[in-house]
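In: No letters, just coordinates:
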């Protein structure tokens, strides 16, 4: 391990750790919004981040060669998903807003592009430090004890970015440079230990543990820490993480309240606006890692001897021509020999270190212990277009590796491509993969709610349907604005993008997601159709209830004295009938006529009020129409029974004698009467005795052999 920074002026390796996460917004109570659009409201999220000093809106500008190169590399529609800008957006006048981030952001949000980019300027050129345990090989023969040395790595932070996508995912990327450590194992240690954000497992070791020759406590963290979990992670002056709080799992009867937690430096880097799920504050951004305990890792490593060996052929006719691999040789074209194309077996195809470098396997051994499978995996995950020039690419589901010769003038463009075009390409694919996983989880949640039927009445049903529509709309937007079959016209860009897509299995996952979403959409359409049919049937029943009174009213007339003027009292008192030939005062007569107002209340206002109350109970209280139908039937029965009782016992005469001819008091009595009926119905319908009676009656009807009865009826009509 080389620790003399002054001896290496150029970087040995570049590392980019990328954390994909899903995000949701919380309400004032700290709970995630139920409404899909509210919990994924990008405008609210940007308002939250305005008050966070960690993040500044990144208004992308093509103001340097590297930015020009990466911008023109992609198609214009792809640029909008990567940079949040197309060519047409670069032509706009932004100078007047250059000192006003709010104006720039507001202007940008109107375009509704799928990504918003932020940058963190506070940690540039600060240290990213982590310590780890590595087994002391000199003591490997000791069968009773385990000996480890503690190693420390310090990397320079180049930049930190945060991309927020309107699909409900985000990506935090930490760009690092290594100037100090040039050994092959150091690079793998940096990649594997540096990407872990929480323990993958917990467990004790069965031997005594010594670190730097000092006896250590054997706790449940020693298992992962001696495998691939860092003993300490620290970013500049932020709170360090040693994961010791996981030891409390054996000391508490309740266990860990939130076992999946991001490392403290990562959370401090994100800022106070972000909280992990299970511990979210009021009106904050609630996040959760969407893959596992590893950040996606990109790594460039320059090593002349290694790349020359890996690219050498086992059966080349002229293996000496591998000098053409050396970028420092200005005459490499003259050494070109067409015989190299007879090579069939390259060293990288079966090399364990190349496999470990691609798959980020630390520990000194390869996690694939089958030579045939190792060769298949190495071939499958390696991009070899430029292998004879000393350039090997490796792509897996959670890593992107680039191996070249050491950093020099002739190959620095490869490092620049790695930091710009390939980083943006990988980040886009990672955002696609994370979005697909997020959509799949949302579909599962909506499907569960639909199957359980929980809250699928009234407003609950409306919210559920709106959430599914919103989910479907965002998915369509994702397909049109974030998912692309091709991102660049460059041949290598096409091949590289296809390789990344294939290794992340995005196409197949997207196909499965499309099937899931279509099935959910069909299911929701069926629910909506059934609910609509229920409402239409209810309206038909209500309409039928008015047929009988309408018939009698039309046949016998309204018989309201104020309408016809037939009342003796009207003639004696000289009052004007409501619909007399003199129509000059009809409006005022109607307005101040107690009998007419009573009629309006009984036949118009009261029915509409009752219907509104029932609708309100159904929509806002989410009571099913079936329950309301039973409740209405019981209320009508009570109304009829009390009506007959009132007639038989002279209750109406008693009320008339008590309140006289005062129409207003009649209205009050009616309202009280209806309220009492409602209360009695609610009490009766919830009585266990009545419930058991209703259940018993239903069971009797179910036991009746309806088919036999129908057969007998058909015989009566000579229908066989």
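Out: In hand now; what should we look at? Source: prediction; values computed, not measured. Numbering: from 1, shown residues only.
In: residues touching residue 479, list them.
Out: If you count contacts by Cβ atoms under 8 Å, 6 or more residues apart in numbering, residue 479 has none. No exception for glycine: its C-beta is placed from N, CA and C like everyone else's.
In: distance between stretch 384-398 and the chain's centre?
Out: Here stretch 384-398 is found 33 Å from its chain centre; the criterion is Cα atoms, centre = their mean, to the nearest Å.
In: same deal with stretch 180-200?
Out: The gap between where stretch 180-200 is centred and where its chain is centred comes out at 30 Å by Cα atoms, centre = their mean.
In: before we move on, what about stretch 372-384?
Out: Relative to the chain's own centre, stretch 372-384 is displaced by 34 Å; criterion: Cα atoms, centre = their mean.
In: Ok, stretch 301-309 next?
Out: Distance of stretch 301-309 from the chain centroid (Cα atoms, centre = their mean) equals 42 Å.
In: do the same with stretch 30-40
Out: Relative to its chain's centre, stretch 30-40 lies at 10 Å (Cα atoms, centre = their mean).
In: Output the contacting helices and strands for the helix or strand where residue 430 lies.
Out: Assessed by DSSP states H and E, residue 430 sits inside helix 423-452. Other helices and strands packing on helix 423-452, by 3 or more Cβ pairs under 8 Å, 6 or more residues apart in numbering; DSSP states H and E, are strand 13-25, helix 76-82, strand 145-165, strand 169-178, strand 296-302, helix 459-481, helix 491-503, helix 506-545.
In: To residue 106, which of these lies closest?
Out: Minimum separation from residue 106 across those (Cβ to Cβ) falls at strand 145-165, 15.6 Å.
In: on contacts alone, who are the packing partners of that closest one?
Out: strand 115-119, strand 127-135, strand 169-178, helix 184-194, strand 208-211, helix 423-452.
In: quick one, that strand and strand 127-135 angle?
Out: Calculated by axes from the mean of the first three to the mean of the last three Cα atoms, to 10 degrees, strand 145-165 forms an angle of 150 degrees with strand 127-135.
In: Kindly state the pLDDT recorded for residue 338?
Out: As predicted, residue 338 sits at a pLDDT of 39.
In: about what we covered before: got the helices and strands packed on strand 145-165 as JSON lines, with distance to residue 346, mean neighbour count and mean pLDDT columns?
Out: Shown next, in JSON lines, are the helices and strands packed on strand 145-165 (distance: least, Cβ to Cβ, whole Å; neighbours: other Cβ atoms under 10 Å; pLDDT from 0 to 100):
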{"stretch": "strand 115-119", "distance to residue 346": "39", "mean neighbour count": "20", "mean pLDDT": "95"}
{"stretch": "strand 127-135", "distance to residue 346": "30", "mean neighbour count": "20", "mean pLDDT": "91"}
{"stretch": "strand 169-178", "distance to residue 346": "27", "mean neighbour count": "23", "mean pLDDT": "98"}
{"stretch": "helix 184-194", "distance to residue 346": "18", "mean neighbour count": "22", "mean pLDDT": "95"}
{"stretch": "strand 208-211", "distance to residue 346": "40", "mean neighbour count": "17", "mean pLDDT": "78"}
{"stretch": "helix 423-452", "distance to residue 346": "24", "mean neighbour count": "20", "mean pLDDT": "89"}
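In: Out of those, flag the one nearest residue 292.
Out: Closest among the helices and strands packed on strand 145-165, once you apply Cβ to Cβ, is helix 423-452, at 11.2 Å.
In: I would like the residues contacting stretch 260-270, please.
Out: Stretch 260-270 has contacts (Cβ under 8 Å, 6+ apart) with 19, 54, 120, 123, 160, 162, 172, 174, 197-198, 233-235, 238-241, 243, 274, 276-277, 287-289.
In: Could I get the buried residue list for it?
Out: Using 16 or more other Cβ atoms under 10 Å as the test for burial, stretch 260-270 gives 261, 262, 263, 264, 265, 266, 267, 268, 269, 270.
In: Tell me how many other residues surround the closest residue to the third one other than its chain neighbours.
Out: Yep, that's residue 263 we're talking about. The spatial neighbour of residue 263 that comes closest, neighbours along the chain excluded (Cβ to Cβ, 6 or more residues apart in numbering), is residue 241 at 4.1 Å. Burial of residue 241 is recorded as 24 neighbouring residues (other Cβ atoms under 10 Å).
In: so what's residue 241 up against?
Out: Residue 241 is in contact with 232, 233, 234, 263, 264, 265, counting by Cβ under 8 Å, 6+ apart.
In: For residue 441, see how far away the closest residue to residue 481 other than its chain neighbours is.
Out: Setting aside the residues directly before and after it, residue 481 is nearest to residue 114 in space (Cβ to Cβ, 6+ apart), at 4.7 Å. Counting by Cβ to Cβ, to the nearest Å, the gap from residue 114 to residue 441 is 19 Å.
In: Equivalent analysis for residue 42, please.
Out: Here the criterion is Cβ to Cβ. By it, residue 42 lies 19 Å from residue 441.
In: Same check on residue 11?
Out: Between residue 11 and residue 441 the distance is 39 Å, computed by Cβ to Cβ.
In: for residue 77, same thing?
Out: For residue 77, the distance to residue 441 - Cβ to Cβ - is 27 Å.
In: pLDDT value on residue 396, please?
Out: pLDDT, residue 396: 96.
In: There's contact between it and residue 359 in this structure, I believe.
Out: Yes - when contacts are counted by Cβ atoms under 8 Å, residue 396 is listed as touching residue 359 (5.7 Å).
In: Which one of the two is surrounded by more residues?
Out: For residue 396 versus residue 359, neighbours defined as other Cβ under 10 Å are more numerous around residue 359 (22 against 18).
In: Touching, the more buried one and residue 367? I think so.
Out: Yes - between residue 359 and residue 367 there is a contact under Cβ under 8 Å: 6.9 Å.
In: before we move on, the earlier item: so which of the helices and strands packed on strand 145-165 is nearest residue 503?
Out: Taking these one by one with Cβ to Cβ, helix 423-452 is closest: 9.0 Å.
In: how far out from the middle of the chain is the closest one?
Out: With Cα atoms, centre = their mean as the basis, helix 423-452 stands 6 Å off its chain's centre.
In: Just the angle for that helix relative to strand 145-165, thanks.
Out: Here helix 423-452 runs at an angle of 80 degrees relative to strand 145-165 (the same axes, to 10 degrees).
In: tell me which element residue 234 falls in.
Out: Secondary structure (DSSP H and E) places residue 234 in strand 232-235.
In: what's the offset of stretch 146-158 from the middle of its chain?
Out: Stretch 146-158 sits 35 Å away from the centroid of its parent chain (Cα atoms, centre = their mean).
In: if you average pLDDT over that stretch, what comes out?
Out: 92.
In: Enumerate the positions of that stretch that are buried.
Out: With burial defined by 16+ other Cβ under 10 Å, the residues of stretch 146-158 counted as buried are 146, 147, 148, 151, 153, 154, 155, 156, 157, 158.
In: And residue 104, how far from residue 166?
Out: Separation of residue 104 from residue 166 (Cβ to Cβ) stands at 18 Å.
In: the more surrounded of those two?
Out: Using other Cβ under 10 Å as the criterion, residue 104 and residue 166 rank with residue 166 on top: 20 against 17.
In: looking at it, that one is touching residue 114, isn't it?
Out: Yes - using Cβ under 8 Å, residue 166 makes contact with residue 114 at a distance of 5.2 Å.
In: So for these two, which residues contact both of them?
Out: In terms of Cβ under 8 Å, 6+ apart, residue 166 and residue 114 are both contacted by the residues residue 477.
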